[in-house]
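*Asks:* Build me a structure from this.
(chains A and B)
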Amino acid sequence: MNSRSLRDTVWIIGSAWPYVNFVPHLGNLIGSALSADVFARYLRLRGARVYFVSGSDVHGTPIEVEARKLGVNPREYVERMHNIVKRLFSCWNISYDNYTWTESDIHINFVREFFMKLYERGYIFVREDRLPYCPRDMMFLPDRFIVGTCPYCGYENARGDQCERCGALLEPQQLINPRCAICGSTPEWRETKHWYIDLKKLEKAVREYIEQNDRLPENVKTMALAILQGGLKPRSVTRDNKWGIPAPFPGSEGKTIYVWFEAVLGYITATMEYFSRAGRDSREGLELWKNSNTRVVFFIGKDNIPFHAIILPALLIASGEGYVLPYTISATEYLLYEGKKFSKSQRVGIWIDEALKILDVDYWRFILIYIRPETRDSSFTWSQALELINSILNDTIGNFIHRVLSLIERRLGGKVPSPDSVKLEDESYLDKARDIFCKVTELYENIKLKEALHETVEIARIGNKFLNERKPWELIKTRPSEAESAMSVGLQMVKMLAFSLYPVIPNSMSRLWKMLGYSDSIEEHVWEEALEPVPPSNEIRNVKPLFSKISREHLENRLRELEEDRRARWAKKYPWEQVAVIP
RNA sequence: GCCGCCGUAGCUCAGCCUGGGAGAGCACCCGGCUCAUAACCGGGGGGUCCCGGGUUCAAAUCCCGGCGGCGGCACCA
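*Replies:* I've put the predicted structure just below:
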């Protein structure tokens, strides 16, 4: 895509809304917020208009139950957790234009109006069900909140949806001696009404959208078509929770909207809220969602595909309001931790609060994007992390930058070289670097963030090779003009690195930008400038290494400290006390 | 049980859709260089591409059957 069409387009970038019963872990982060941030930063450098939005998903049964167990108001619970998560994202330099939550007034009102509209358009119907109800907790119990004896294997703590021991799929009615998972009392079966969305009516339109959208990556398309293959069935949009958005339908008092159906609409309300917070009319944000020049891109983990590729498009189509459907959806596979699945109860993994106590945020961003699970699950290991920091980020990239900058600072007194002519052999190296930069551009464009980063490293490799070949430190003794030519080419490569790495490691590249003698910030420049030389009026000064190595001992000590700290934290009562303290 | 994904060098992975040279980075060994953060550059060793069968002139790649690891199966977020 050329720059012009990029600038005419409005991009709405949405990252999956974290459920804030606890803070996200590294696997959550890489799929949603971090990937989205890298892409958003890239687009902004291209000069595109970007609205990057997300928020905390704060309603639903788990939070309601947990809050009750702790004896706190759900509102207090989620307010605390939301604020923590919000602050953590800002520590991770996630450049949201609006990070909100599902308790915002705009959201609640919009969701109620939206579903009322679907009701009026005939997509919602009522059905009576017999569901388990706990008389003591005074609530209906979702399948997994009922436990009892498995009729197949006799396991006594089988859940209402599945027996964990024998793997059998269960209906709650099948359990022998069913009990409420919260208080242990015996549930009653009560009649209750629920409001269903008739997805069958929308199946054809959704299928057309999926089939015709050739920008959807393979994993999204495959899963979406597999779901459509089985046919869409009606799904209940209401729940018997107290904690949530009150259902708007006639006779639905006491019911709330199922969290998934409201949270996906959060992308729209967060965009609206961005405008109202900026002192403008929230309808401007709403209009963007109905403008054919708008491109909506979601960043999610693969578990979120059904709701973003099927349910949300179905809702948008059903509204008949002319909303744009997702331009594309980038869904990562899972990140494993040392080969195992992240799990808080098993204490497997690192959470985004803890991570920042171990390594600098840019190191984390570099590592996570470098191993981003784009086509299949990938595993985070500490030894690989060390390897990436020490030999790729520090030795290959950091050292190349430092070689060039310190040559100029020490040999040319910091004066940016501006040779009368660039030697032919220098030019050929520069061309190679330019080719790589163009390739990187294309990869970013196609949201292949991992490959874009891998390819970026090649610029530094070419640069190192170039310096070894041309030896400007020798040339300067005999042929100063050639030395200047070589150094200017090296500097040009550094500038390319500044741009191509900025989306991934913005802090470090902003520091580099200063060393390159710019007085403004790199955000005020555009991507294409990467191919132009540093202006001769700039002065290279205060050259310092951008990165440093991490020793194995140092890391091991940090991990030991973390282990102790975590033991103390996770023993505490409230989840907000369990979060690591962030400076 | 049903559906899906994965199994390629010591490690992490690319290639597989669109069949023909087995690859990258790191680790290891040798050499060069010494501007630079003991960094950089070049060369090298190293693989029954999970197993078996089939299709084909030709299979890591396509098909079938195993084995091993993992995920989903919708009122779970």
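
*Asks:* Close to RNA strand B: what parts of the stretch 451-583 of chain A are there?
*Replies:* Along the stretch 451-583 of chain A, the residues adjacent to RNA strand B under the rule CB under 7 Å from any atom of the strand are A:461, A:464-465, A:467-468, A:471, A:473-474, A:545-549. Yep, even glycine has a C-beta here, placed from its N, CA and C like the rest.

*Asks:* again, 6 Å this time
*Replies:* For the stretch 451-583 of chain A, the residues in contact with RNA strand B under the definition CB under 6 Å from any atom of the strand are A:R461, A:N464, A:K465, A:L467, A:N468, A:W473, A:P545, A:L546, A:F547, A:S548, A:K549.

*Asks:* List only those of those flagged as buried.
*Replies:* Among those, those buried by neighbour count (16 or more other CB atoms under 10 Å) are A:N464, A:L467, A:L546, A:F547.

*Asks:* The closest residue to A:I146 other than its chain neighbours - how many residues pack around it?
*Replies:* Leaving aside its chain neighbours, A:I146 sits nearest to A:G160 (3.7 Å; criterion: CB to CB, 6 or more residues apart in numbering). Residues within reach of A:G160, counting by other CB atoms under 10 Å, total 23.

*Asks:* Can you say which two of the buried ones among the residues of the stretch 451-583 of chain A next to RNA strand B are spatially most distant?
*Replies:* The span of those, defined through CB to CB, is set by A:L467 and A:F547 at 18.2 Å.

*Asks:* Can you name the residue of chain A nearest to RNA strand B?
*Replies:* Scanning chain A for the residue nearest RNA strand B gives A:P142, at 1.9 Å (criterion: CB to the nearest atom of the strand).

*Asks:* Skip the chain neighbours and tell me the closest residue to that residue.
*Replies:* Skipping the residues right next to it in sequence, A:P142 comes nearest to A:T61 by CB to CB, 6+ apart, at 5.6 Å.

*Asks:* close enough to count as contact, the one you found and A:K242?
*Replies:* No. The pair A:T61 and A:K242 does not pass the contact test of CB atoms under 8 Å, sitting 10.0 Å apart.

*Asks:* Between the two, tell me which one has more neighbours.
*Replies:* Looking at A:T61 and A:K242 with other CB under 10 Å, you find the greater number of neighbours at A:T61, namely 22 against 14.

*Asks:* which ones are touching that one?
*Replies:* A:P142, A:F145, A:R239, A:N241 (CB atoms under 8 Å, 6 or more residues apart in numbering).

*Asks:* got TSV for the residues you listed, with secondary structure, neighbour count and pLDDT too?
*Replies:* TSV is the format used below for those (DSSP: H, G, I helix; E, B strand; the rest coil; neighbours: other CB atoms under 10 Å; pLDDT from 0 to 100):
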residue	secondary structure	neighbour count	pLDDT
A:P142	coil	21	74
A:F145	helix	23	76
A:R239	strand	23	86
A:N241	coil	23	84
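
*Asks:* Would you tell me which residues of the stretch 251-400 of chain A are close to RNA strand B?
*Replies:* Looking at RNA strand B, the residues of the stretch 251-400 of chain A close enough under CB under 6 Å from any atom of the strand are A:259-260, A:303, A:341, A:371, A:375-376, A:378-379, A:381, A:384, A:387, A:391-392, A:394-396, A:398-399.

*Asks:* Return a ChimeraX selection command for the buried portion of these.
*Replies:* Selecting just the buried residues from those in ChimeraX takes one command, with 16+ other CB under 10 Å as the test:
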select /A:259,260,371,378,392,394,396,398,399
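
*Asks:* Show only the entries of the residues of the stretch 251-400 of chain A next to RNA strand B found in helices.
*Replies:* Judged by DSSP state H, helices contain the following of those: A:V259, A:W260, A:Q384, A:E387, A:N399.

*Asks:* pretty sure the second one contacts A:F307?
*Replies:* What it means is A:W260. Yes. In this structure, A:W260 is within contact of A:F307 by CB under 8 Å, at 5.5 Å.

*Asks:* Please tell me how far the residue sitting furthest away from the middle of chain A sits from A:E469.
*Replies:* Distance from the centre of chain A peaks at A:T478, with 52.6 Å (CA atoms, centre = their mean). Relative to A:E469, A:T478 is positioned 16 Å away (CB to CB, to the nearest Å).

*Asks:* again with A:G413
*Replies:* 25 Å.

*Asks:* With A:E218 instead?
*Replies:* The gap separating A:E218 from A:E469 is 41 Å, by CB to CB.

*Asks:* Also A:L29?
*Replies:* Separation of A:L29 from A:E469 (CB to CB): 40 Å.

*Asks:* Which one's more surrounded, those two?
*Replies:* Neighbours per residue, other CB under 10 Å: of A:L29 and A:E469, the larger number sits with A:L29, 27 against 11.

*Asks:* Can you list the buried residues in the helix or strand encompassing A:Y274?
*Replies:* Following DSSP states H and E, the helix or strand that holds A:Y274 is helix A:266-277. When neighbours are counted by 16+ other CB under 10 Å, the buried residues of helix A:266-277 are found to be A:G266, A:Y267, A:I268, A:T269, A:A270, A:T271, A:M272, A:E273, A:Y274, A:F275, A:S276.

*Asks:* on contacts alone, who are the packing partners of that helix?
*Replies:* Here helix A:266-277 touches strand A:10-15, strand A:49-56, strand A:98-101, helix A:105-120, helix A:282-288, going by 3 or more CB pairs under 8 Å, 6 or more residues apart in numbering; DSSP states H and E.

*Asks:* Excluding its own residues, what touches it? List them.
*Replies:* Surrounding helix A:266-277, the residues in contact under the criterion CB under 8 Å, 6+ apart are A:12, A:14, A:17, A:51, A:53-55, A:57, A:97-100, A:102, A:104, A:106-107, A:110-111, A:281-286, A:288-289, A:296, A:298, A:323.

*Asks:* just the buried members of these?
*Replies:* Buried by 16+ other CB under 10 Å: A:12, A:14, A:17, A:51, A:53-55, A:57, A:97-100, A:102, A:104, A:106-107, A:110-111, A:282, A:285-286, A:288-289, A:296, A:298, A:323, out of the contacts of helix A:266-277.

*Asks:* Averaged pLDDT, stretch A:41-48. What do you get?
*Replies:* Confidence for stretch A:41-48, expressed as mean pLDDT, is 95.

*Asks:* now stretch A:522-539
*Replies:* Regarding stretch A:522-539, the rounded mean pLDDT is 96.

*Asks:* That one: which residues count as buried?
*Replies:* Burial within stretch A:522-539, assessed by neighbour count using 16+ other CB under 10 Å, is assigned to A:I522, A:H525, A:W527, A:A530, A:P533, A:V534, A:N538, A:E539.
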